[in-house]
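# kindly generate the corresponding structure for this input.
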Amino acid sequence: MPQLEVDGAALTYDDEGPRDAADVPLVFVHGWTANRHRWDHQMAHFAERRRVIRLDLRGHGESTGAGVRTIAELASDVLALLDHLKVERFVLVGHSMGGMISQTIALAHPDRVERMVLVNSIGRMTYSRGRGLLMAASTLVPFKLFVAANIQRAFKPGYPREEIREHIRASADTPREVVMTLYGAMRAFDVLDRAGEIRTPTLMVHGYHDVQLPVRQMLRMAKAYPDAVVRIIDAGHELPVEKPAELTEALDRFLTTAS
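As a prediction, this is how the structure comes out:
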């Protein structure tokens, strides 16, 4: 597995598919406490005909590194990897926190982002009073319970419990310092007032049952985008693993029909 040293972190990544493909590479960015394998279904599908890149963000999966305090710092890591791979123009696909990273890159480097796909993501982290109190209280409980509470509610009701437990175990392997520091970075993230600046053709795919980042928050963001397509799927917050085939189909349609 290749790695790239970036500012004290070793970023593990995959770079697959034909280098001579006519289409620009797809770049997949996972979310908080997840890893690059969230995109296994999409990698298998798209790497047959175009270059596909994914990475474990610092401190996640098989990457090392401490947590950072801003989403912009994670965006810099992604750009460092793409510069290393000599990828100038690309399509960004980001899930949850990965969508925040994607928007940050699109705002800073609009000339490099051909299209963008935001999966269960938003432009401003906002909580209802009730959920704000719940999240504040959850940070006071033991770390594994904090992770379990957040991952459990990320799935649509009725999703197999054993599969949820596997995701809880994997997320709990992310170092506490990384989890809690990036939790703060997400809470501080806010580009909603700049959404109108993002003229990149964008697909927003969201789970109808997402209670982590509710649909209404995504729709508020979508209204501000000059060129956005919205797709709602019968799932929770973890669309890449809950409905991988439907997500891949939505990506495929967007990439082959948008102009």
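# my guess is Ala245 contacts Gln42, does it?
No - the pair Ala245 / Gln42 is not scored as a contact, 9.9 Å apart, by CB atoms under 8 Å. C-beta coordinates here come from the backbone N, C-alpha and C atoms, glycine included.
# of these two, who's got more company?
Taking neighbours as other CB atoms under 10 Å, Ala245 and Gln42 compare with Gln42 leading, 23 against 10.
# give the contact list for that one.
Contacts for Gln42 (CB atoms under 8 Å, 6 or more residues apart in numbering) come out as Leu26, Phe28, Val52, Val93, Pro240, Pro244, Leu247, Thr248, Leu251.
# what about it, which SS state?
helix (DSSP: H, G, I helix; E, B strand; the rest coil).
# assess the claim that Phe155 and Glu162 are in contact.
No - between Phe155 and Glu162 there is no contact under CB under 8 Å: 11.9 Å.
# picking that back up, top of the contacts of Gln42 by neighbour count?
For the contacts of Gln42, neighbours tallied by other CB under 10 Å; top is Val93, 30 neighbours.
# hang on, the earlier thing: which of Phe155 and Glu162 has more residues huddled nearby?
Between Phe155 and Glu162, counting by other CB under 10 Å, Phe155 is the more crowded of the two (24 against 6).
# helix/strand/coil for that one?
coil.
# want to throw the contacts of Gln42 into TSV with secondary structure?
Formatted as TSV, the contacts of Gln42 follow (three-state DSSP):
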residue	secondary structure
Leu26	strand
Phe28	strand
Val52	strand
Val93	strand
Pro240	helix
Pro244	helix
Leu247	helix
Thr248	helix
Leu251	helix
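# let me know the closest of the residues you listed to Ala9.
Closest to Ala9 out of the contacts of Gln42 is Phe28 (18.3 Å), distances taken as CB to CB.
# what's the separation between the closest one and Leu92?
Separation of Phe28 from Leu92 (CB to CB, to the nearest Å) stands at 8 Å.
# just Ile198 next, same as before
From Ile198 over to Leu92 (counting by CB to CB), the distance is 11 Å.
# do the same with Glu177
On the measure of CB to CB, Glu177 and Leu92 end up 27 Å apart.
# those two - which one has more neighbours?
Taking neighbours as other CB under 10 Å, Glu177 and Leu92 compare with Leu92 leading, 26 against 11.
# nearest residue to that one in space, please, no chain neighbours.
Ser102 (4.2 Å; CB to CB, 6 or more residues apart in numbering).
# and that neighbour, what pLDDT?
Looking at Ser102, its pLDDT reads 98.
# which SSE is it in?
helix 97-108 (DSSP states H and E).
# and that helix, what does it pack against?
strand 26-29, helix 71-84, strand 90-95, strand 113-119, helix 176-188 (3 or more CB pairs under 8 Å, 6 or more residues apart in numbering; DSSP states H and E).
# for it, C-alpha coordinates in PDB please.
Taking Å, rounded to 0.1, in the frame of the first residue of the first chain, the C-alpha atoms of helix 97-108 are listed here in PDB:
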ATOM      1  CA  MET A  97     -16.800  15.400   6.600                       C
ATOM      2  CA  GLY A  98     -15.300  14.400   3.200                       C
ATOM      3  CA  GLY A  99     -18.000  16.600   1.600                       C
ATOM      4  CA  MET A 100     -16.800  19.500   3.800                       C
ATOM      5  CA  ILE A 101     -13.300  18.900   2.600                       C
ATOM      6  CA  SER A 102     -14.500  18.800  -1.000                       C
ATOM      7  CA  GLN A 103     -16.300  22.100  -0.700                       C
ATOM      8  CA  THR A 104     -13.300  23.700   0.900                       C
ATOM      9  CA  ILE A 105     -11.200  22.600  -2.100                       C
ATOM     10  CA  ALA A 106     -13.800  23.700  -4.600                       C
ATOM     11  CA  LEU A 107     -13.800  27.200  -3.100                       C
ATOM     12  CA  ALA A 108     -10.100  27.500  -3.000                       C
END
